[in-house]
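> Predicted model and sequence follow; I will ask about them next.
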Amino acid sequence: MEIIQGKAVSGGMAYGKIFLLGRQDYTAEHRQSAEDPQQEILRFREGCRALAAELDVLYSKTLEAIGESEAEIFSLHRMMLEEDTFTESVEEKICQGISASDAVLDTGEAFAAMFAAMDNPYMQARDADIRSIARRLHEILEGRTTELPVFTEPVILAAEDLTPAQTVDLKKDKVLGFITARGSTSSHTAILARTLGIPAVTAAGTLSESLHGLEGILDGEQGTLYVDPDRQTINRFEQNRQNEEERKARWETMRGHTCRTREGKAIRIYANAGSLEDAAAAAAGDAEGIGLFRSEFLFMQYGRNPTEEEQYNTYREVLAHMPGKEVIIRTLDAGADKQIPWLPAGTAEANPALGLRAIRLCLRYPELLRTQLRAMYRAAVHGKLCAMIPMITLPSELEQVHAIAEEVRRSLEEEKIPFAPDMPLGIMIETPSAALCAGTLAEKSAFFSIGTNDLTQYTMAADRENGALTYLTETIPESVKRLILMTTSAATAAGIPVSVCGELAGEEHAIPFLVDAGVDKLSVSPGQVLKVRSAVQRHLDTREKAE
Ligand code: PEP
Ligand code: MG
């Protein structure tokens, strides 16, 4: 038996065959040589044609969804791909005996370095473009697609890493759990695993190809993969499964219960969702509302920008899962690790987490926001829908959002389309700047929701995707605590509700601090609602006894 230790990201245990997905690193470890250079050159040219076709599709989708200037990036990529100096350099390397895949990567890196050294800032910024072209071409030449294979039997998936777009497609009956070599506990991949209720482990280091096909037990609670488990470990797995059932039965007693402080203030437990399936899971899990509907996953599921009508219908359906309860739909939070390839910026940015993400993208391309707000105002006629804006950094961004919302209301009125003019519009507090300006932002916000994943990432200057930095973020850092307290006191002073929808809300160690900080709601994965409610009640009981 071999034991592989990583970071625990999503609880539960899985027992099954391990399926190792093709490695996706770009290091020189697996260098191959070209045995037949002429054949390799043909393979390279074939790969270029496939990539050119892919770029054409992305160009048309972007053109249709947003506009010509945004689609330009893909025609630029195509031009770079077909640039003689690039292809000649690759073919020269192949003739020297280097494989097509390696020649593409080497040339990509050399050209990127050349761009980065240029004087002109525009040309300097092209280094990321050429690198992304070379990497995609490398994937094509290695026969890798970004889509997951269709699994014929249930597996424990092992991979170098999974993107959120891949994770969102995981089918629970086919993927019992997953383990990734890279990643961290607050990445969107990890969040999706918790939302889908799939046991998951990340940052496990190298996953050798010999794992493929072996039996494994994945312990998502401890972050461990037991490869080829012995009888004792199998027995422990059975025992743990039974204990888990007993714990779940205890949490069930919290169904229908509302936690209240001694003064009678309710602390409600909502659920986070990213799809209609999650909304159904939230209802089944006894959520008192939906505290964060991540609308970007809708875009990913459609594979294009959903139309106003499609969004309207989806939001209505989400409301139908939550009759009489609040549903907070967040406007598009694309960018950083949630790349939507047909939208501008994205992979071409050197620092996407600090780039044109979320509301920044929507204010740059206001049509995206207009369509989404129209769909929300219309759907809000059918229930308690609230709109929430992600990544607000400056009060002026919120003012621009209000101006667009005003325009949207006016046009709906003129068109005599039914809508709910009073739909509450709140914001996420997930940048240190927003927390520091919470007093000003509260004047124009119907509510706050603290996004502790990004608030922690930006406060600690620690990429939430980087497993090596979790020591900076594992407990609640003092600086983050202070920003949370600034936010809750600004909300209390302004008389607006404040919730937490980051992953901290579902962590038992954080619940006493968050409750004492004065939050009104905690919004967690659908499967965590009863567990969190039970932890909140336990803390309130302890606090009352001490008072
Ligand atoms: C957060 O940042 O805490 C949050 C809830 O938003 P997301 O995880 O989608 O970035
Ligand atoms: Mg966030």
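Now that the structure is in, tell me what you want to look at. Ligands and ions are numbered 1, 2, ... in the order given.
> Quick check: residues of the stretch 301-450 of the chain near ligand 2?
Within the stretch 301-450 of the chain, the positions near ligand 2 by C-beta under 5 Å from the ion are E430. In short, each C-beta sits where N, CA and C put it, glycine included.
> which residue does the stretch 301-450 of the chain bring closest to ligand 2?
E430 (4.6 Å; C-beta to the ion).
> How about that residue, nearest residue that isn't a chain neighbour?
Spatial nearest neighbour of E430, chain neighbours left out: G451 (3.1 Å); criterion: C-beta to C-beta, 6 or more residues apart in numbering.
> Tell me the pLDDT of the one you found.
pLDDT recorded at G451 is 98.
> Go ahead and confirm it touches C501.
Yes: the pair G451 / C501 is scored as a contact, 6.2 Å apart, by C-beta atoms under 8 Å.
> residues shared between the contacts of the two?
M428 (C-beta atoms under 8 Å, 6 or more residues apart in numbering).
> how many neighbours does S489 have?
S489 has 15 neighbouring residues, counting by other C-beta atoms under 10 Å.
> Regarding it, what is its secondary structure?
helix (DSSP: H, G, I helix; E, B strand; the rest coil).
> so how many other residues sit close to the residue in the stretch 51-200 of the chain positioned nearest to ligand 1?
For the stretch 51-200 of the chain, the residue closest to ligand 1 is I191, as judged by C-beta to the nearest ligand atom, at 5.7 Å. For I191, the count of nearby residues is 24 (other C-beta under 10 Å).
> ok, and the closest non-adjacent residue to it?
Nearest residue to I191, sequence neighbours excluded (C-beta to C-beta, 6+ apart): E503, at 6.4 Å.
> now that neighbour: how far from R330?
Separation of E503 from R330 (C-beta to C-beta, to the nearest Å): 15 Å.
> The helix or strand hosting R135 - contacts with which helices or strands?
For R135, the host element (DSSP states H and E) is helix 126-141. Using 3 or more C-beta pairs under 8 Å, 6 or more residues apart in numbering; DSSP states H and E, the elements in contact with helix 126-141 are helix 37-65, helix 68-82, helix 100-116.
> And those, which one averages the lowest pLDDT?
Of all the helices and strands packed on helix 126-141, mean pLDDT reaches its minimum on helix 68-82 (a mean of 79).
> re earlier: closest to T440 out of the helices and strands packed on helix 126-141?
Among the helices and strands packed on helix 126-141, the nearest to T440 by C-beta to C-beta is helix 68-82 (31.9 Å).
> Show me which residues of this structure sit near ligand 1.
Counting by C-beta under 6 Å from any ligand atom, the chain comes close to ligand 1 at I191, L292, R294, D333, E430, G451, T452, N453, D454, C501, G502.
> my read: the first one touches C501, true?
No: in this structure, I191 sits apart from C501 without contact. The criterion is C-beta under 8 Å, and the distance is 10.4 Å.
> Common neighbours of the two, please.
In contact with both I191 and C501: N272, using C-beta under 8 Å, 6+ apart.
> can you tell me the distance between the two ends of stretch 494-514?
19 Å (C-alpha to C-alpha, to the nearest Å).
> repeat for stretch 471-485
End-to-end span of stretch 471-485 (C-alpha to C-alpha): 22 Å.
> Likewise for stretch 425-442?
End-to-end for stretch 425-442, by C-alpha to C-alpha: 11 Å.
> buried residues in that stretch?
Neighbour counts using 16 or more other C-beta atoms under 10 Å place 425-438, 441-442 of stretch 425-442 among the buried residues.
> just stretch 522-534 next, same as before
Those would be 522-534, for stretch 522-534 by 16+ other C-beta under 10 Å.
> can you check stretch 49-57 too?
L51, E54, L55.
> Show residues contacting it.
Residues from elsewhere that reach stretch 49-57 (C-beta under 8 Å, 6+ apart): F74, S75, H77, R78, L81, E82, I133, R136, L137, I140.
> Now for the residues you listed: which two are most distant?
Greatest spacing in these, by C-beta to C-beta: S75 and I140 (18.7 Å).
> quick one, which of those two is more surrounded?
A count of neighbours by other C-beta under 10 Å puts I140 above the other of S75 and I140, at 19 against 16.
> residues touching the closest residue to that one other than its chain neighbours, list them.
Leaving aside its sequence neighbours, I140 sits nearest to G47 (C-beta to C-beta, 6+ apart; 4.8 Å). Contacts of G47 were listed using C-beta under 8 Å, 6+ apart, and they are A100, V104, L137, I140, L141.
> cutoff 6 Å now
L137, I140, L141 (C-beta atoms under 6 Å, 6 or more residues apart in numbering).
> which of the residues you listed has the weakest pLDDT?
I140 (85).
> Closest to the mean position in this structure, which residue would that be?
Within the chain, one residue has its C-alpha closest to the average C-alpha position: by C-alpha atoms, centre = their mean, that is H188, at 2.8 Å.
> Hmm, G335 and it touching each other?
No: contact criterion C-beta atoms under 6 Å: H188 and G335 do not qualify, at 11.2 Å.
> all strands for the stretch 201-350 of the chain, in order.
215-219, 224-227, 259-260, 266-273, 289-294, 326-330 (DSSP state E, counting those that start in this stretch).
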